[in-house]
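> predicted model, plus sequence, below.
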Amino acid sequence: MTTSCVNKSLFACSLIVLSAFAAAQNSYREPYRPQVHFSPREHWTNDPNGLVLFHGEYHLFFQFNPVGSDWGHMSWGHAISTDLLHWNELPVAIAEKDGEMVFTGSVVIDSKNTSGFCVPGKECLVAIYTGHRQSPQRQTQNVAYSVDDGRTWTRYTGNPVLDLQMADFRDPSVSWDTEERRWRMTVSLPTEHKISFYASPDLKKWTHLSDFGPAGDVDGAWECPDLVRIPVESGPADLWALKVGLNPGAPQGGSGEQYFLGRFDGQRFVASAARGSHGWTNYGKDDYCAISFNGLPQGEKPVLIGWMNNWQYAEQLPTSPWRGQMSLPRRLSLVRDETGLAIKQEPVTAPLRTEHTVIRQTPTGELKSTQESPFELDLQFGQPSEQNFGIRLYTDDQHWTEIGFDRSKREFYMDRTKSGRAITADFLTRTTAPLAESRPYDLKVIVDRSSIEAYAQNGTIAMTNLVFARSDKSRLSLFSQSGKPVAVTGDIWRLRTIWK
Ligand code: FRU
């Protein structure tokens, strides 16, 4: 019997037990609740924070309002996983304190106790985050540490560790620089459209190294930078990607993320002038503030997770009792081919695959009459003869999402204007990405209750969009401009839920 039954009548007690049971049954089963993407049990989340693999656990910290489903009281929520997919939500890691909110940042493994925060002889975790104060607004960089695998955190008494007396100075991304043997911070000056690099021997004293920017797209604030070294699939040297969030003003509308490919020499980042060295990590509307994991084994591809949302309508999402969800984890590599350079993204889904259907050519183009979400669809189209072709996911005869290639417009696109519920006018969109004629016409689509993630052309295009459809079941049908069947091979997998 639950302790809350003490001193209560049998009737009252049975009600308590029954409602607790119902809550447990309902949890992660609400309408629109993602089944393969992380979302908090309840309340608001935005950016992922402090992604780190430590002692066999992947940690996902996230911007979190512990008391409501709107943005506010920003603190770090916390979840852990052993496979990047099944997440176990833990209590709040770092809470708002004395009027200072805990904004986005990162976590590093201090394996040599450079900070002096660890128990001697034992590596520990150190978080570097932006402390945000309102009226007057002031943002500074701060440090907290954990000596119990991220379960509890202590703020450094010498905070802030970096204070430029500025209103906008945020989102530190910190990593160990293996060549320079010191810590490196990549941090944003949002209104100046600059990314600053700093170095430190101990995570407490920081020295300015250089600035990058303004460059590329500067129509909104620059936020959530990340500097990632990415292995090149074919070619000798690795390249660096500097990823910068832009909000508002992204080409798709609202928030988006551009990247610059280039070299980092320990002091400064220099963008390459090669074709393809400036692009968007996601051409959909709903992937923002993605960051990479610290602590991955050497030689492994970087893994990125983003916030699957857009500031244009994030506070209007029709979900309850939570609001906000993360993208799937994606492994990054670089492609260098005749079209130029491109970041390739491969979402992690394989461990969830079940109920496999092999796709065969059909005269009508219909691939499956009913497919329940969540599912993954992998299609390889032959060399196309059609100008416009692709797939429609119908939830009924009047509602569908179209994902396709339009060669005459040189576009890959996703059209969600007829998908279902429109949250705001900004939600009714057809998002596009430049198409490369010489790259393969393939398509991976992951449908999960309220989102569609698409990856095309060998993963060089990622496009993520939220969709609030009327049903969790879709009819999958190919289309082409001429109406003739399109040659295709592929697979459909139903995906297992990550919530047990
Ligand atoms: C981006 C952002 C960050 C900031 C955080 C606050 O979504 O504005 O720049 O640290 O959200 O929640």
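Looks like it arrived, so ask away. Numbers count the residues shown, from 1 in each chain.
> how about the spatially most central residue of the chain, nearest residue that isn't a chain neighbour?
For the chain, the residue whose C-alpha lies nearest the mean C-alpha position (Cα atoms, centre = their mean) is G306; its distance is 1.3 Å. With Cβ to Cβ, 6 or more residues apart in numbering as the criterion, G306 has its nearest non-adjacent residue at 3.1 Å, and that residue is A290. All C-beta spots, glycine's among them, are computed from the backbone N, C-alpha and C.
> and if you look at V147?
Nearest to V147 is C124, by Cβ to Cβ, 6+ apart, at 4.8 Å.
> got any ranges where this structure has weak pLDDT?
Along the chain, the model assigns pLDDT under 70 to residues 1-26, 234-236.
> and the helices in it?
In the chain, the segments counted as helices under DSSP state H are 10-26.
> name the residues of it found near the ligand, please.
For the chain, the residues in contact with the ligand under the definition Cβ under 6 Å from any ligand atom are 46-47, 63, 74, 103-104, 130, 170-171, 223-224, 289.
> kindly reformat those as a markdown table containing distance to R392 and neighbour count.
Written out in a markdown table, the entries for the residues of the chain next to the ligand read as follows (distance: Cβ to Cβ, whole Å; neighbours: other Cβ atoms under 10 Å):
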| residue | distance to R392 | neighbour count |
| --- | --- | --- |
| N46 | 31 | 23 |
| D47 | 33 | 26 |
| Q63 | 35 | 24 |
| M74 | 39 | 26 |
| F103 | 41 | 23 |
| T104 | 37 | 28 |
| T130 | 43 | 25 |
| R170 | 41 | 25 |
| D171 | 38 | 28 |
| E223 | 35 | 22 |
| C224 | 34 | 29 |
| C289 | 31 | 26 |
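> quick one: R33 and D448, what's the gap?
R33 sits 9 Å away from D448, taking Cβ to Cβ, to the nearest Å as the criterion.
> more neighbours: the two, which one.
A count of neighbours by other Cβ atoms under 10 Å puts D448 above the other of R33 and D448, at 25 against 21.
> now do the strands in the stretch 51-200 of the chain.
For the stretch 51-200 of the chain, the strands defined by DSSP state E, counting those that start in this stretch occupy 57-65, 75-81, 88-94, 101-110, 124-133, 138-146, 154-155, 162-166, 170-177, 182-189, 194-200.
> would CSV of those with distance to K473 be doable?
Listed next are the strands of the stretch 51-200 of the chain as CSV, based on distance: least, Cβ to Cβ, whole Å:
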stretch, distance to K473
strand 57-65, 30
strand 75-81, 28
strand 88-94, 28
strand 101-110, 37
strand 124-133, 42
strand 138-146, 44
strand 154-155, 49
strand 162-166, 51
strand 170-177, 40
strand 182-189, 42
strand 194-200, 44
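> out of these, flag the one nearest R41.
Comparing these by their distance to R41 (Cβ to Cβ), the top pick is strand 88-94, with 5.6 Å.
> residues in contact with the closest one: which ones?
Around strand 88-94, the neighbours that count as contacts under Cβ atoms under 8 Å, 6 or more residues apart in numbering are 40-41, 61, 64, 66, 75-81, 102, 127, 129, 144, 146, 150-151, 153, 155.
> what subset of these is buried?
In terms of neighbour count (16 or more other Cβ atoms under 10 Å), the buried residues within the contacts of strand 88-94 are 40, 61, 64, 66, 75-81, 102, 127, 129, 144, 146, 150, 153, 155.
> my read: M166 touches P136, true?
No: counting by Cβ atoms under 8 Å, P136 is not a contact partner of M166; they are 10.9 Å apart.
> between the two, which is the more surrounded one?
M166 (15 against 6).
> check contacts around that one.
Taking Cβ under 8 Å, 6+ apart, we find M166 in contact with 138-139, 189.
> of those, which is the most crowded?
Each of those was scored by neighbours using other Cβ under 10 Å; the highest score is Q139's, at 25 neighbours.
> tell me what it is bridged to.
Per DSSP bridges, the residues bridged to Q139 are H132, M166.
> S385: how many residues sit nearby?
Neighbourhood size, S385 [other Cβ under 10 Å]: 12.
> surely the residue nearest to G306 meets I305?
Yes: with the criterion set as Cβ under 8 Å, A290 and I305 qualify as a contacting pair; they are 6.3 Å apart.
> list residues touching both of those two?
Overlap of the contact sets of A290 and I305 (by Cβ under 8 Å, 6+ apart) consists of 48, 327.
> so what's V270 bridging to?
Where V270 sits in a bridge, its partners, by DSSP bridges, are R263.
> and it, how far from A215?
Taking Cβ to Cβ as the criterion, V270 is separated from A215 by 11 Å.
> next: G279.
Distance check for G279 against A215: by Cβ to Cβ, it reads 13 Å.
> these two: which is more packed in?
Using other Cβ under 10 Å as the criterion, G279 and A215 rank with G279 on top: 22 against 17.
> skip the chain neighbours and tell me the closest residue to that one.
Counting by Cβ to Cβ, 6+ apart, Y259 is the residue found nearest to G279 once chain neighbours are left out, at 5.9 Å.
> that neighbour: what's it in contact with?
Each residue near Y259 by Cβ under 8 Å, 6+ apart is listed here: 241-244, 278-281, 343.
> what's the closest of those residues to the ligand?
Proximity to the ligand was ranked across the contacts of Y259 by Cβ to the nearest ligand atom; first place goes to V244, at 11.2 Å.
> count the residues that sit near the closest one.
Under the neighbour criterion other Cβ under 10 Å, V244 is assigned a count of 29.
> I'd guessed it sits against L189; true?
No: taking contacts as Cβ under 8 Å, V244 lies outside contact range of L189: 11.2 Å.
> which neighbours do these two have in common?
Taking Cβ under 8 Å, 6+ apart as the criterion, V244 and L189 both touch 195, 222.
> and the residue nearest to V147, what does it touch?
When contacts are counted by Cβ under 8 Å, 6+ apart, C124 touches 109-110, 113, 117-118, 145-147.
> for the residues you listed, which one is nearest I452?
Taking Cβ to Cβ as the measure, I109 is the one of the contacts of C124 closest to I452, at 35.0 Å.
> what about the closest residue in space to that closest one that isn't next to it in sequence, distance to R151?
For I109, the nearest residue in space outside its immediate sequence neighbours is G295; the separation is 5.2 Å by Cβ to Cβ, 6+ apart. Per Cβ to Cβ, G295 is found 17 Å from R151.
> same thing with D217?
The gap separating D217 from R151 is 40 Å, by Cβ to Cβ.
> repeat that for E57.
Plainly put, E57 is 11 Å away from R151 if you go by Cβ to Cβ.
> what sits opposite Y58 in the beta ladder?
On the basis of DSSP bridges, Y58 takes part in beta bridges with L53, S81.
> surely A221 and E192 touch.
No: with contact taken as Cβ under 8 Å, A221 and E192 are classed as non-touching, separated by 9.7 Å.
> now the stretch 251-400 of the chain against the ligand: closest residue?
Nearest to the ligand, among the residues of the stretch 251-400 of the chain, is C289, at 4.8 Å (Cβ to the nearest ligand atom).
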